[in-house]
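In: generate coordinates for the sequence data below:
(one chain, ligands or ions: 3)
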Amino acid sequence: MKRIGVLTSGGDAPGMNAAIRAVARKAMFEGLEVVGIYHGYQGLIDGNMEVLNLGSVGDIIQRGGTKLYSARCPEFRTKEGQQKAIEQLKLNKIDGLVIIGGDGSYRGSMTLTNSGFPCVGIPGTIDNDIPGTDYTLGFDTALNTVIDCIDKIRDTATSHDRTFIIEVMGRDSGDLALWAGLAGGAETIIIPEETYNMEEVIGRLKSGSTRGKKHSIIIVAEGVMSGSEFAAKIKEHADIETRVSVLGHIQRGGSPTGRDRVLASLFGAKAVEVLLAGHGGRAIGIQNHQVVDYDMNEAFEKGEIMDSKMYQLSKELSI
Ligand SMILES: Nc1ncnc2c1ncn2[C@@H]1O[C@H](COP(=O)(O)OP(=O)(O)O)[C@@H](O)[C@H]1O
Ligand SMILES: O=P(O)(O)OC[C@H]1O[C@](O)(COP(=O)(O)O)[C@@H](O)[C@@H]1O
Ligand SMILES: [Mg+2]
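Out: Numbers count the residues shown, from 1 in each chain. Ligands and ions are numbered 1, 2, ... in the order given. Now for the predicted structure:
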């Protein structure tokens with residue numbers, strides 16, 4: 001292995017830059033050449049890439065977003081698109097690829113590994129929805145952003161005796177909503193992995209108000225429905241007036257937390273070690289505080305395991 005490529009793909013996540021830096025610096029430390037591929041799989045198909053040096057990944061460890069830019073690339077889902085990507089990999093003499101992205105990007109990387117190009121995945125998504133790793137890069141930063149927003153919304157909710165519905169990101173995953181709801185003391189958390197009962201939601205609002213609570217916070221993961229749809233349901237069921245706050249892409253930005261920077265550095269270095277050992281189709285992650293690599297395909301077949309105990313606890317603590 002002489003030359004490796006690195007790209008970021010899918011929704012950007014804080015910590016991606018720190019991971020790019022770690023991949024590039026570790027690879028250079030090991031005597032490898034590193035090519036940065038721009039705009040994810042789109043850049044791979046278009047041959048939009050350049051050789052990185054030590055300085056090109058300087059001053060990025062603290063920045064949100066991704067220096068290599070990201071994209072969602074429908075063309076890469078097709079056989080023709082994947083073939084074009086493979087041609088570019090050959091043309092640019094790239095022997096192995098580090099993919100930093102979410103579950104979709106991982107699926108894409110498996111098509112390349114199956115075609116003979118070893119790919120290693122670094123989990124980068126605020127959704128925390130990659131099977132086999134306890135945390136993904138960006139989750140901790142996004143979590144803290146959401147908690148900060150909940151705290152601020154709570155100030156105004158209390159001042160006006162209001163119920164707020166806060167819509168949080170998470171297309172198919174409720175981790176961000178659940179963790180932020182638990183940490184922010186939300187009365188109700190609605191996530192895709194658990195069914196909800198509207199009578200129970202209303203019951204909680206009413207009992208809170210009976211015991212003199214000055215505010216109520218309901219967190220809704222966007223994968224279930226929008227905050228305004230949920231507000232309409234509450235209005236229809238109990239004629240309760242609410243305010244809706246959609247946090248949106250604020251959740252994806254900002255300087256990564258210390259935890260995300262450290263994870264990114266550990267993941268980046270491990271990805272290079274795994275490629276150097278000649279292994280493809282591996283995913284990097286953290287399991288029980290240990291940085292590990294594991295078979296990507298097998299992990300996806302098993303799927304993501306939801307922490308139902310945490311959901312139950314959030315209910316018990318917000319009666
Ligand atoms: N099943 C798949 N086969 C090939 N490429 C895929 C597949 N799923 C996703 N991709 C590629 O990965 C990109 C990012 O996936 P996406 O789901 O949007 O984001 P994320 O990686 O953050 O989950 C897609 O735009 C597409 O190019
Ligand atoms: O960037 P877009 O197209 O607005 O996508 C929004 C989606 O991206 C995310 O922020 C991250 O999801 P991915 O990691 O799958 O890209 C989701 O929480 C959200 O549903
Ligand atoms: Mg995803």
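In: residue 286: what's it in contact with?
Out: Residues near residue 286 by CB atoms under 8 Å, 6 or more residues apart in numbering: 133, 134, 135, 263, 266, 267, 292. For the C-beta atoms, the positions are set from N, CA and C on the backbone; glycine is no exception.
In: after whichever strand or helix holds it, next one along is what?
Out: Here residue 286, judged by DSSP states H and E, is contained in strand 282-287. Sequence-wise, the next helix or strand downstream of strand 282-287 (DSSP H and E) is strand 290-295.
In: which other helices and strands does that next one contact?
Out: In terms of contacts (3 or more CB pairs under 8 Å, 6 or more residues apart in numbering; DSSP states H and E), strand 290-295 is packed against helix 258-276, strand 282-287.
In: which parts of the chain sit against ligand 3?
Out: Residues of the chain lying close to ligand 3 (CB under 5 Å from the ion) are 102, 103, 104.
In: ok, the residues you listed vs residue 127, which is closest?
Out: Residue 127 lies nearest to residue 102 out of those, by CB to CB, at 6.3 Å.
In: report pLDDT for the closest residue to that closest one other than its chain neighbours.
Out: Excluding the flanking residues, the one nearest residue 102 by CB to CB, 6 or more residues apart in numbering is residue 125, at 3.4 Å. pLDDT, residue 125: 97.
In: got a list of what the nearest residue in space to residue 48 that is not next to it in sequence touches?
Out: Nearest residue to residue 48 in three dimensions, chain neighbours excluded: residue 38, at 4.6 Å (CB to CB, 6+ apart). Counting by CB under 8 Å, 6+ apart, residue 38 touches 7, 48, 49, 50, 68, 69.
In: surely the third one meets residue 35?
Out: Yes: with contact taken as CB atoms under 8 Å, residue 49 and residue 35 are classed as touching, separated by 5.1 Å.
In: show me which residues of the chain are close to ligand 2?
Out: Taking CB under 6 Å from any ligand atom, the part of the chain that reaches ligand 2 is made up of 10, 11, 102, 104, 125, 126, 127, 169, 170, 171, 222, 252.
In: which ones among the residues you listed lie within helices?
Out: residue 104 (DSSP state H).
In: can I have the buried ones of the residues of the chain next to ligand 2 as a ChimeraX selection?
Out: Selection of buried members from these for ChimeraX, criterion 16 or more other CB atoms under 10 Å:
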select :10,11,102,104,125,126,127,169,170,222,252
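In: can you give me the strands for the stretch 151-300 of the chain?
Out: 163-168, 188-190, 216-221, 243-246, 282-287, 290-295 (DSSP state E, counting those that start in this stretch).
In: next, name the residue at the spatial heart of this structure.
Out: Nearest residue to the geometric centre of the chain (CA atoms, centre = their mean): residue 125, 1.8 Å.
In: wait, it sits on residue 8?
Out: No: at 10.6 Å, residue 125 and residue 8 do not qualify as touching, with contact defined as CB under 8 Å.
In: common neighbours of the two, please.
Out: Common neighbours of residue 125 and residue 8 (CB under 8 Å, 6+ apart) are residue 101.
In: which single residue of the protein ends up nearest ligand 3?
Out: Closest contact between the chain and ligand 3, by CB to the ion, is at residue 102 (3.3 Å).
In: next one: that residue from ligand 1, what distance?
Out: Distance, residue 102 to ligand 1, by CB to the nearest ligand atom, to the nearest Å: 3 Å.
In: do you know the pLDDT at that residue?
Out: pLDDT at residue 102 comes out at 96.
In: for whichever strand or helix holds residue 143, buried residues please.
Out: Assessed by DSSP H and E, residue 143 sits inside helix 139-159. By neighbour count on 16+ other CB under 10 Å, the buried set for helix 139-159 is 139-147, 149-150, 153-154, 157.
In: doesn't residue 157 make contact with residue 215?
Out: Yes: between residue 215 and residue 157 there is a contact under CB under 8 Å: 3.6 Å.
In: hey, what's in contact with both of those two?
Out: Counting by CB under 8 Å, 6+ apart, the residues touching both residue 215 and residue 157 are 163, 164.
In: helix/strand/coil for the nearest residue to residue 32 once chain neighbours are set aside?
Out: Nearest non-adjacent residue to residue 32, counting by CB to CB, 6+ apart: residue 4, 5.7 Å away. When states are read from DSSP: H, G, I helix; E, B strand; the rest coil, the local structure at residue 4 comes out as strand.
In: can you name the residue of the stretch 151-300 of the chain nearest to ligand 1?
Out: Across the stretch 151-300 of the chain, the shortest distance to ligand 1 (CB to the nearest ligand atom) belongs to residue 171, at 8.2 Å.
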